[in-house]
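Novice: Predicted model and sequence below, questions to follow.
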Amino acid sequence: MVIFGATGDLAHRKLMPALYNLAIEDRLPSQFICVAFARRPKDSETYRQEVRNSLQEHSRSQPIDEKVWEEFSQRIIYHQAELDNPADYSTLKSLLQDIDTQYGTLGNRIYYYSIPPQYFTTVTENLFHQKLIVDEKRFQEPWSRVIIEKPFGHDLNSALELQNNLSRFLTEQQIYRIDHYLGKETIQNLLAFRFANSFFESLWNNRHVDHVQITVAENQGVGSRGPFWEKTGMLRDIVQNHMMQLLSLIAMEPPASLTGDPIRDEKVKVLYAIRQFNEDALKHHVVRGQYSSGYIEGEEVTSYREEDKVLPESSAETYVALKLYIDNLRWAGVPFYLRSGKRMAKKATEVAITFKSMPAFLFQQFNQKLDNNVLAIRIQPDEGISLKINTKVPGQAMAIQPVRMDFRYGSYFGAAPPEAYERLIYDCMIGDNTLFIRDDETLASWKLLTPILEDWDSLYPQEFPNYSSGSWGPEAADTMIARDSRQWRLI
Amino acid sequence: MISENIREQLDTLHYQHGNRTFLSNLIVYTENPQREAHFKSVIDKVIKKFPSRVFLIIMDLESCHKNFDVTVEVKTISQTKALCDVTTIKASAHYLSRISYLLLPFLIPDMPVNIFWSQDILKQCCLFTTLKKVANRIIFDSESCSNISQYSKALLSHLEKAPYELCEINWIRLGSWRYAFTSVFCSEERINDLKKSKDVAIKYNDSSGENICNAKIMALYLQAWLASQLGWEYHSLSVKDSHTVFHYLRNDKRPVMIHLITTQDSALPSGTVTTCSITSDDDVLYEIHRTPHHLNVNISSLQQCKLPYNMPITHTNWEQTFLVDMLYSKTSSHYRNMLKVLSQIGESTHE
């Protein structure tokens, strides 16, 4: 495995800990070598020490297992090189050939692009010219795969351009677009939950579902990532990838099998069935926001515009709320409300399916209100599933009390689940692309969301900042859902 | 960080020998530190029957010091071994704006958010503005209101616009009296007597208590409820010493007077309505007298006296009914109609 950008934040926080934990669980192939490709001058020993420091801070397995580390560290080789220097790929090739000879790695390669997207094509082209990536099915070569991180473009045109550029050198089967959400245990449980329980599947449609809410909330601000956020914003960073993936898994039809393309085929069908945003929808079904100062966990925090390296008149959004409709037989007429924001009241990712209310005539005589049943799937934190039902309060009066039936991963399963990157890197090694995003999925979500970006570009948000840090978002988002006589869930 | 302290305490409290149970989120707010014991007693009564995650917020707006103190404790419901937590936040005015941000992350999802707002609704409060957005039910306390007419108008306005259920603690406290009226006036004959009342006298306990300053409230409510149910039209009001008289017009346009008269009764809580006497046009007298454990009913006319009888008010029944009304019942139309009558009255609750 060659990690491009090996000295970056992602490599240290996620990739190296993932590889280390795979080693602990004996899931790394015996002939596995990790080449750390980066431009900073250092040797392998120095880099290994940095990796060790990262493991001490970020690995889920603590303390460091010295025996495993001893062997694992010897599998890390640092290669100082520049991304845009063709000569450095020649030296990389020599190194890889030496590794094949010395360690018996058989020529199978994973190239992990932990680099800014503007380098994706450059790196791929250079690898191609050195014959380091080859279509193995066509040429009977050892396999070579590329893992690329989001963002996959920044709008539809750039995503198409990126795809076309990569397609010159790679087949779709060689491209593994990673969205770490798909590696989370709770996300994978969505498929099991939906399709392993008969009574839920029969309720999972517009006859029984009133609406669906999907929330990805963070209580942190942008921190030191101001410059990145100024160019990206919430719609590109979270909605286009994580939320569209959650939505498609929740809304998809049962696949022909629980493997790669059958699942991805069904997800794409959902994305293409989402009603496109016309002028009216852009005005009434889309809200953007930017956080002002406020309080997080009781402490005062600054506004987005006061963050480091952020323009004082910035129009970058830190909050998005959308209302979508999926125009197919299963979901016709059921609104999907999506919201995502930074500096919200708490960190939480959740999918909540609110079922239609019962006719209340039976309880009207008792002056009682009935809550809708809600199935809430908590992706993080406190992973689990809860179901809100109505029960009678003990006593003579017919008083109705909502209660929760609650399943929590932490309470039931003793072993901690693997981190998302462990699962995904392993799947790439074994050639299972089920949990990776296909090109048409990416393009479908960009096609849906690009009109929003264009609309926003044409209109400066005078109302920014429009929600306090520590709140649940702008009033405009409350108004949007209140028009439908609904309200955002308190999470 | 304060929130980390709360989270740590909530997560690591020893929930031994019992299950954490939360039927609701209950937020109790007061600006009278002197009433802390009263509200803790209310909380204990609530969680004894309905274990909840409770936040008691006691603001000291008069203090010029910057105080902020948070304590978290586990309460055990002895019979069921259910456990719930009560977080008490005591703060000075400086910290008012941040309280809601402290609460939001700790509210239990899917469970109702009930807010017991004991302050005057006419007074603007940023915390109320934020909390009402997440409320399923707000329980008001007219104990704090300075002008019942304005207060009633404000509540009516809330009722029209608010997505949450609304109730008021003194309205709920009148439950036994409303029950008494429906029980006593249970036949067409008696209802006609009531409709043709010429004089109603309501006595209320004006003895001072540490928790009740506004002893007249329940008496005001009772007279307004009667008037609204009987379709009487408010005409005017006169006050002489501690004797208040409401002048109404019946449906037949004949006048009826409702007298509110103070009395002293140490056996009953301050503010309790102790006696209600109704005299009809035909001089049939209905007298209902409250004692600690029952309502005594006397009915007499010029020709005869019926045998007096008692209607029991057992402590447990009424406590359960009180809590069910406070936490579960939808906003009553009777309450709404009563507010409409009160909103017409130019009456100050402070004499």
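Specialist: Sure thing, it's come through.
Novice: After the longest helix along chain A, which helix or strand is next?
Specialist: Secondary structure of chain A per DSSP state H: the longest helix is helix A:439-458. Per DSSP states H and E, helix A:439-458 leads on to strand A:467-469 as the next helix or strand towards the C-terminus.
Novice: just to revisit the earlier point, and the longest helix of chain A, what other elements does it pack with?
Specialist: helix A:156-167, strand A:175-178, helix A:244-251, helix A:260-273, helix A:279-284, strand A:286-289 (3 or more Cβ pairs under 8 Å, 6 or more residues apart in numbering or on different chains; DSSP states H and E). To be clear about C-beta, it is placed using only N, CA and C from the backbone, and glycine gets the same treatment.
Novice: ok, now which ones touch residue 141?
Specialist: You didn't say which chain, so I picked chain A. Going by Cβ atoms under 8 Å, 6 or more residues apart in numbering or on different chains, A:E141 touches A:G107, A:V134, A:D135.
Novice: Sorry, I should have been clearer: chain B.
Specialist: Counted by Cβ under 8 Å, 6+ apart, B:D141 has contacts B:F116, B:W117, B:S118, B:Q119, B:E168, B:I169, B:N170.
Novice: The residues you listed also near chain A: which ones?
Specialist: With Cβ under 8 Å from any Cβ of the partner chain as the criterion, the contacts of B:D141 include none near chain A.
Novice: biggest separation within the residues you listed, which pair?
Specialist: B:Q119 and B:N170 (14.4 Å; Cβ to Cβ).
Novice: which SSE is B:L194 in?
Specialist: helix B:188-195.
Novice: mind listing what's buried in that helix?
Specialist: Applying a neighbour-count criterion of 16 or more other Cβ atoms under 10 Å in any protein chain shown, one finds B:R190, B:D193, B:L194, B:K195 buried in helix B:188-195.
Novice: Counting by contacts, list what that helix packs against.
Specialist: strand B:273-280, strand B:285-290.
Novice: most packed of those strands?
Specialist: Counting by mean count of other Cβ atoms under 10 Å in any protein chain shown, strand B:273-280 has the highest mean neighbour count of the helices and strands packed on helix B:188-195, with a mean of 21.
Novice: which phi and psi does A:G104 have?
Specialist: phi 70, psi 40 (degrees, to the nearest 10).
Novice: whoops, I mixed them up, A:Y319
Specialist: According to degrees, to the nearest 10, A:Y319 has phi -150, psi 140.
Novice: surely it meets A:Q290?
Specialist: Yes. With contact defined as Cβ atoms under 8 Å, A:Y319 reaches A:Q290; the gap is 6.9 Å.
Novice: Can you work out which residues contact both of these two?
Specialist: Counting by Cβ under 8 Å, 6+ apart, the residues touching both A:Y319 and A:Q290 are A:Y467.
Novice: Contact residues of chain A facing chain B?
Specialist: A:219, A:294-300, A:345-346, A:367-369, A:371, A:374, A:376, A:386, A:388, A:393, A:395-397, A:399-404, A:468, A:470-472, A:478, A:482, A:487, A:489-491.
Novice: Off-centre distance for stretch B:245-265?
Specialist: On the basis of Cα atoms, centre = their mean, to the nearest Å, stretch B:245-265 is displaced by 22 Å from the centre of the chain it belongs to.
Novice: who's in contact with that stretch?
Specialist: Contacts of stretch B:245-265 (Cβ under 8 Å, 6+ apart): B:195-207, B:215-216, B:219-220, B:223, B:226-227, B:230-239, B:242-244, B:272, B:274-275, B:281, B:345.
Novice: Just the buried ones from the residues you listed?
Specialist: Buried among these by 16+ other Cβ under 10 Å: B:195-197, B:199-207, B:215-216, B:219-220, B:223, B:226-227, B:230, B:232, B:234, B:237, B:244, B:272, B:274-275, B:281, B:345.
Novice: so what's B:S97 closest to, chain neighbours aside?
Specialist: Leaving out its chain neighbours, the residue that sits closest to B:S97 by Cβ to Cβ, 6 or more residues apart in numbering or on different chains is B:C126, at 5.7 Å.
Novice: Ok, B:C64 next?
Specialist: Nearest non-adjacent residue to B:C64 (Cβ to Cβ, 6+ apart): B:S92, at 7.8 Å.
Novice: lowest-pLDDT helix or strand in chain A?
Specialist: helix A:136-139 (a mean of 67; mean pLDDT, DSSP states H and E).
Novice: Tell me the helix or strand right after that one.
Specialist: strand A:144-149.
Novice: Could you list the alpha-carbon positions for that following strand in CSV?
Specialist: The C-alpha coordinates for strand A:144-149 follow below in CSV (Å, rounded to 0.1, in the frame of the first residue of the first chain):
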residue,chain,number,x,y,z
SER,A,144,-3.8,-2.3,-8.5
ARG,A,145,-6.5,-0.2,-6.9
VAL,A,146,-6.8,3.4,-6.0
ILE,A,147,-8.6,4.7,-2.9
ILE,A,148,-9.6,8.3,-3.2
GLU,A,149,-11.0,10.5,-0.4
